[in-house]
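[1] Structure for this input, please:
(one chain, ligands or ions: 1)
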Amino acid sequence: MSGVNRRQWLKRIGAAGVATAAGAGSSAEGRQAGAPQQRERLALEDFQPKSMLHVPETEVKRSRFPLIDVHTHLTHGARGKNGVTLGEEIKVVASPEELLPVMDRKNIRMMVNLTGNYGKGLEEAIERFQRPHPDRFMVFTEPAYGRSNRSDYPQWQADEIGHAHQAGAKGLKVVKTLGLYLREQVTSGQLVKIDDPRFDPMWEACAAFKMPVAIHISDPEAFFLPIDRFNERIEELNNHPDWSFYDRDFPSNKELLEARNRMFARHPKTVFIALHVGNNAENLASVSECLDRFPNMHVELAARIGELGRQPRTARKFFEKYQDRIMFGTDASPSGSQTPQQVLSAKLYEIYYRFLETEDEYFDYAPAPTPPQGRWQIYGLGLPESILRKVYYENAERVLGIAA
Ligand SMILES: [Zn+2]
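    Prediction:
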């Protein structure tokens with residue numbers, strides 16, 4: 001049918017208005033000038049479909065048990081360059097007075113502020129949160145990356161863990177700086193490997209002071225792949241191009257995790273909390289292998305219920321098998337709106353509760369009009385009370401040395 005004939009035919013049957021981008025627009029004839037009122041192609045970012053599924057929707061306003069959120073960011077290093085925090089100074093992004101009412105409403109017994117930095121900054125973070133409210137806030141220290149190229153660094157950093165412990169820090173946080181940003185001359189040169197021996201005394205000091213290490217290594221698999229039409233997180237990477245570790249001199253996801261595992265194996269007395277479900281939530285079989293291999297390894301859930309909830313049967317088995325090794329975490333921070341899966345809010349916690357406690361189907365994993373970490377919905381795990389207790393607080397109490 002020629003373009004003209006088709007238009008006449010559509011006019012005759014009164015159907016010109018139904019021609020859409022997917023119909024007329026996709027054929028050569030529809031793209032000719034004067035094609036019937038063509039609807040414009042909808043950009044992917046504007047697509048916000050409403051689910052027509054009629055299934056139970058459970059509101060869970062409070063968690064079944066008072067919980068410990070082992071992964072929050074209430075302070076962080078104030079200065080940095082090329083992804084590396086420099087100096088002791090911190091930025092405080094919330095006050096206990098703002099947080100405590102939300103915590104009480106949502107049944108959050110304690111928040112662990114992982115990014116307390118070191119030195120004077122650490123002391124300030126402890127003074128603001130942990131000292132006045134020791135049963136509500138806990139603060140971790142961080143390595144002084146800015147000194148990592150000095151020859152005396154290995155022992156200096158180990159000693160600094162001792163100072164942090166004395167100041168009141170309850171653990172050490174290692175962000176993905178190690179492996180992906182930190183370089184031989186701190187912000188330039190070759191990337192420093194996760195199992196670089198200069199950090200060995202630091203890992204050992206953490207074991208000596210019984211300070212668990214919360215460690216973020218690598219990122220979602222899709223962040224290491226080309227940003228193209230096959231990338232399941234293309235919208236997220238378009239929103240945050242700096243989160244892509246494809247190409248340049250970055251190691252692969254596999255190389256990063258292998259370096260982490262070599263380090264875990266070398267420090268069996270150090271307790272590790274491998275954040276974000278061991279940074280491999282897309283591959284629970286692999287996380288399981290690591291948990292089987294390293295009795296000193298634990299995981300937490302932060303910003304990965306999107307991954308866990310799209311594989312609810314596999315995830316449920318994972319929770320059953322490793323119920324003594326999984327902790328509750330969110331990665332929540334009160335600042336910014338660029339990452340809705342992490343903005344500290346009542347709504348955010350309610351989604352976690354719904355995911356863990358109910359068998360609801362096909363719901364949003366983040367409070368956002370568009371799923372921010374990939375275009376899919378999640379399914380609740382409906383965990384039994386015995387597992388919920390462990391995940392919400394019992395495992396954290398044991399690992400962090402908190403009195404019941
Ligand atoms: Zn985090």
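[2] Could you use CA atoms for every contact and neighbour count after this?
    Noted.
[3] Now do stretch 172-189: distance from first to last residue.
    26 Å (C-alpha to C-alpha, to the nearest Å).
[4] buried ones in that stretch?
    Taking 16 or more other C-alpha atoms under 10 Å as the basis for neighbour counts, the residues of stretch 172-189 that come out buried are 172-183, 186-187.
[5] swap in stretch 55-62?
    Here stretch 55-62 shows 60-62 as buried, counting by 16+ other C-alpha under 10 Å.
[6] Val391 contacts Gly329, correct?
    No: with contact defined as C-alpha atoms under 8 Å, Val391 does not count as touching Gly329 (9.4 Å).
[7] mind listing the strands for the stretch 201-350 of the chain?
    When assigned using DSSP state E, counting those that start in this stretch, the strands of the stretch 201-350 of the chain occupy the ranges 213-215, 272-274, 297-300, 326-327.
[8] same question, the stretch 51-200 of the chain
    Across the stretch 51-200 of the chain, reading from the start of the chain, the strands by DSSP E, counting those that start in this stretch fall at 67-72, 75-77, 80-81, 84-85, 90-92, 108-113, 137-139, 172-174.
[9] between the ones you listed, which one is nearest to Tyr322?
    Counting by C-alpha to C-alpha, Tyr322 lies closest to strand 67-72 out of these; the figure is 17.2 Å.
[10] tell me which strands and helices the closest one is in contact with?
    Contacts defined by 3 or more C-alpha pairs under 8 Å, 6 or more residues apart in numbering; DSSP states H and E place strand 67-72 against strand 108-113.
[11] name the helices or strands packed onto the strand it packs on?
    Checked by 3+ C-alpha pairs under 8 Å, 6+ apart, strand 108-113 has strand 67-72, strand 137-139 packed alongside it.
[12] ok, it: who's next to it in the sheet?
    strand 67-72 (parallel), strand 137-139 (parallel) (DSSP bridges).
[13] Name the residues that touch it?
    Defining contact as C-alpha atoms under 8 Å, 6 or more residues apart in numbering, one finds that strand 108-113 is touched by 63, 66-75, 103, 135-140.
[14] May I see the buried residues of stretch 132-141?
    Residues 136-141 are the ones in stretch 132-141 that count as buried (16+ other C-alpha under 10 Å).
[15] wait, what's in contact with the spatially closest residue to Gln155 that is not a sequence neighbour?
    Nearest residue to Gln155, sequence neighbours excluded (C-alpha to C-alpha, 6 or more residues apart in numbering): Pro201, at 6.3 Å. With contact taken as C-alpha under 8 Å, 6+ apart, Pro201 is in contact with 154-155, 157-158.
[16] re earlier: okay if I get the strands of the stretch 201-350 of the chain as a markdown table plus mean pLDDT?
    Shown next, in a markdown table, are the strands of the stretch 201-350 of the chain (pLDDT from 0 to 100):
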| stretch | mean pLDDT |
| --- | --- |
| strand 213-215 | 98 |
| strand 272-274 | 98 |
| strand 297-300 | 98 |
| strand 326-327 | 98 |
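[17] With mean neighbour count and distance to Phe230 added, can I get the ones you listed in TSV?
    Output for the strands of the stretch 201-350 of the chain, formatted as TSV (neighbours: other C-alpha atoms under 10 Å; distance: least, C-alpha to C-alpha, whole Å):
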stretch	mean neighbour count	distance to Phe230
strand 213-215	24	29
strand 272-274	26	28
strand 297-300	24	29
strand 326-327	27	32
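[18] And Gln323, how far from Ser244?
    Distance from Gln323 to Ser244, by C-alpha to C-alpha: 32 Å.
[19] and if you look at Met211?
    From Met211 over to Ser244 (counting by C-alpha to C-alpha), the distance is 32 Å.
[20] Tell me which of the two has more neighbours.
    Met211 (27 against 19; other C-alpha atoms under 10 Å).
[21] Now that one: closest residue in space, sequence neighbours ignored.
    With C-alpha to C-alpha, 6+ apart as the criterion, Met211 has its nearest non-adjacent residue at 4.3 Å, and that residue is Gly171.
[22] contacting residues around the one you found?
    Counted by C-alpha under 8 Å, 6+ apart, Gly171 has contacts 139-141, 165, 206, 210-214, 400.
[23] let's go with 6 Å and repeat that
    Contact criterion C-alpha atoms under 6 Å, 6 or more residues apart in numbering gives 140, 211-213 as the residues in contact with Gly171.
[24] got it, and Gly77?
    Residues touching Gly77, when contacts are defined by C-alpha under 6 Å, 6+ apart, comprise 85, 89-90, 117.
[25] Out of the residues you listed, grab the one that's most surrounded.
    Per-residue neighbour counts (other C-alpha under 10 Å) across the contacts of Gly77 peak at Asn117, which has 32 neighbours.
[26] Which pLDDT value does the model give it?
    Turning to Asn117, the model gives it a pLDDT of 98.
[27] again, but for Gly23
    If you check Gly23, the pLDDT there is 40.
[28] Also Gly336?
    On the pLDDT scale, Gly336 is placed at 71.
[29] Export the strands of the stretch 201-350 of the chain to CSV and append columns for distance to Leu381.
    As requested, those are arranged in CSV below (distance: least, C-alpha to C-alpha, whole Å):
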stretch, distance to Leu381
strand 213-215, 25
strand 272-274, 21
strand 297-300, 16
strand 326-327, 14
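[30] Lys254 is nearest to which of these?
    For the strands of the stretch 201-350 of the chain, proximity to Lys254 was assessed by C-alpha to C-alpha; strand 272-274 is nearest, at 15.2 Å.
[31] Relative to the whole chain's centre, how far out is the closest one?
    Here strand 272-274 is found 14 Å from its chain centre; the criterion is C-alpha atoms, centre = their mean, to the nearest Å.
[32] so what does that strand touch, helix or strand wise?
    If contacts are counted by 3 or more C-alpha pairs under 6 Å, 6 or more residues apart in numbering; DSSP states H and E, strand 272-274 sits against strand 213-215, strand 297-300.
[33] Ok, which of these comes nearest Tyr365?
    Shortest distance between Tyr365 and these, using C-alpha to C-alpha, is found for strand 297-300: 16.2 Å.
[34] What segments of the stretch 101-250 of the chain are helices?
    Taking DSSP state H, counting those that start in this stretch as the test, the helices found in the stretch 101-250 of the chain are 119-125, 153-167, 177-180, 200-208, 234-239.
[35] Export those as a markdown table, with columns for distance to Pro96.
    Supplementary listing: the helices of the stretch 101-250 of the chain in a markdown table, determined by distance: least, C-alpha to C-alpha, whole Å:
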| stretch | distance to Pro96 |
| --- | --- |
| helix 119-125 | 11 |
| helix 153-167 | 19 |
| helix 177-180 | 28 |
| helix 200-208 | 27 |
| helix 234-239 | 31 |
